[in-house]
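Asker: One predicted model, sequence on top.
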Amino acid sequence: MSTHLEHHHDHSADHQDHGSVRSYVTGFVLSVILTAIPFGIVMTGGLGSPVVTALVVLGFAIVQILVHMVYFLHMTARSEAGWTLLSTLFTLIVVVIMLSGSIWVMYHMNANMMPQMQME
Amino acid sequence: MADLSSQDLTARYYELEPHHHPEGASTGLGFWVYLMSDCLMFAVLFAAYAVLGNAYAAGPGPKDLFDLNLVAINTGLLLVSSITFGFGMLGAYRGDQGATLRWLGVTLVFGLSFLGVEIYEFAHLIHEGAGPWRSAFLSSFFALVGTHGLHVAFGCLWLVVLAVQIKARGLVPANLRRLACLSMFWHFLDVVWIGVFTFVYLIKMI
């Protein structure tokens, strides 16, 4: 009996987590809240300091991306024996290097080019 | 047989039976890796927008052009389409073909509405003389948002093709696999849209 159950468990473990109505609705409600707040902040004129507003809006986006990953894409550390998480982390590292590198380099290029262009 | 070198004496093993994998066992992971490569492509377009986003060439800027009400509507449409696709997936796993096709239909309506609003927005911008040729800011804007829109358009096409296949063959394992891939694709596009409405619209409107 126990071997039979174990076998059955092994078989169903091949499939990924499908989620439920409950998990989809939870994800949806969280997403609506996490979308409405930043839109509300920006549409009503921000939080005083533009930098603070931008950081808060960015924070909401990051949380919402995580919510989508968990509740809609059903990502866990165990799906596909961890390869899904690993490939995602690799992509994330490349994206962060590429984005921050581009912005950093081009910002300094712009800063150094400006005076020359004004002299012309 | 006369001259056996040491190499010949080494035992050799061949696996004559190929390692058995159930059909489609690696499709999910393979499709995920494709999505990650797609993610890199979007990251490059985001980087271009981040770098060129202030180069207005004395043309109109974000605050002259963007209408946040329109963006909010589009965000809502895509978010609702995500949950309706989720309900379609749940129907498919229950084996309920009717529910699956109905929810896919609802998802298609929201996907096409999203595209409609976006095409209206683009047409409006071009009509105002703010086409992709106007400035580097607008070039990178149209490239990024246009690429996302193109993905949604192909997602809609895929949805129609898959609905026809489900209608013809039923919810067979191959169709369930395709549906799971499209589900990943659709939710992934919603994740990219979070980046778009945050970086492209909200932050520029502060």
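Answerer: Yep, that arrived. Residues are numbered from 1 along each chain as shown, chains lettered A, B, ... in the order given.
Asker: Tell me the helix or strand right after the strand or helix carrying B:Y93.
Answerer: In the assignment (DSSP states H and E), B:Y93 maps to helix B:68-94. Downstream of helix B:68-94, the first helix or strand assigned by DSSP H and E is helix B:97-127.
Asker: In chain A, which helix is the longest?
Answerer: Ranked by residue count under DSSP state H, the longest helix found in chain A is helix A:83-119.
Asker: Is chain A within reach of the helix holding B:Y93?
Answerer: Yes - against chain A, helix B:68-94 shows contacts by CB under 8 Å from any CB of the partner chain at B:68, B:71-72, B:75-76, B:79, B:82-83, B:86-87, B:89-90, B:93. C-beta: built from backbone N, CA, C; applies to glycine.
Asker: Go through these and give me the one with the most neighbours.
Answerer: Scoring these on neighbours with other CB atoms under 10 Å in any protein chain shown, the highest-scoring entry is B:G86 at 27 neighbours.
Asker: Could I get the buried residue list for stretch B:107-125?
Answerer: By neighbour count with 16 or more other CB atoms under 10 Å in any protein chain shown, stretch B:107-125 contains the buried residues B:107-108, B:110-115, B:117-118, B:121-122, B:125.
Asker: Mind putting those into CSV with distance to chain A and pLDDT?
Answerer: Shown next, in CSV, are the buried residues of stretch B:107-125 (distance: CB to the nearest CB, whole Å; pLDDT from 0 to 100):
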residue, distance to chain A, pLDDT
B:T107, 13, 98
B:L108, 18, 98
B:F110, 13, 98
B:G111, 15, 98
B:L112, 20, 98
B:S113, 17, 98
B:F114, 14, 98
B:L115, 19, 98
B:V117, 15, 98
B:E118, 17, 97
B:E121, 16, 97
B:F122, 21, 97
B:L125, 20, 97
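Asker: List just the nearest of the residues you listed to A:V42.
Answerer: Nearest to A:V42 out of those is B:E121 (CB to CB; 17.4 Å).
Asker: Can you pull the poorly scored residue ranges out of chain B?
Answerer: For chain B, residues meeting the criterion pLDDT under 70 lie at B:1-11.
Asker: and if you look at chain A?
Answerer: A:1-17, A:114-120.
Asker: Mark out where each domain of it begins and ends.
Answerer: If you go by automatic domain parsing, the domain ranges for chain A are A:16-74, A:80-120.
Asker: near chain B, anything from the last one?
Answerer: Yes - part of domain A:80-120 sits close enough to chain B to count as contact by CB under 8 Å from any CB, namely A:80, A:83-84, A:87-88, A:90-91, A:94-95, A:98-99, A:102-103, A:106.
Asker: most neighbours, which of those?
Answerer: Within the residues of domain A:80-120 next to chain B, A:T84 tops the neighbour count with 23 neighbours, counted by other CB under 10 Å.
Asker: Which residues are in contact with that residue?
Answerer: A:M75, B:L29, B:W32 (CB atoms under 8 Å, 6 or more residues apart in numbering or on different chains).
Asker: who are the neighbours of the helix holding B:Y93, in terms of helices and strands?
Answerer: Here helix B:68-94 touches helix A:21-43, helix B:97-127, helix B:173-195, going by 3 or more CB pairs under 8 Å, 6 or more residues apart in numbering or on different chains; DSSP states H and E.
Asker: Nearest to B:H19, out of the ones you listed?
Answerer: helix B:173-195 (20.2 Å).
Asker: Quick check: buried residues in the closest one?
Answerer: Within helix B:173-195, the residues that qualify as buried by neighbour count (16+ other CB under 10 Å) are B:175-195.
Asker: Counting neighbours, what do you get for B:L65?
Answerer: 18.
Asker: That one touches B:E128, doesn't it?
Answerer: Yes - judged on CB atoms under 8 Å, B:L65 makes contact with B:E128 at a distance of 7.3 Å.
Asker: Can you lay out the helices and strands packed on helix B:68-94 as a markdown table showing distance to B:S140?
Answerer: Below are the helices and strands packed on helix B:68-94 laid out as a markdown table (distance: least, CB to CB, whole Å):
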| stretch | distance to B:S140 |
| --- | --- |
| helix A:21-43 | 20 |
| helix B:97-127 | 14 |
| helix B:173-195 | 14 |
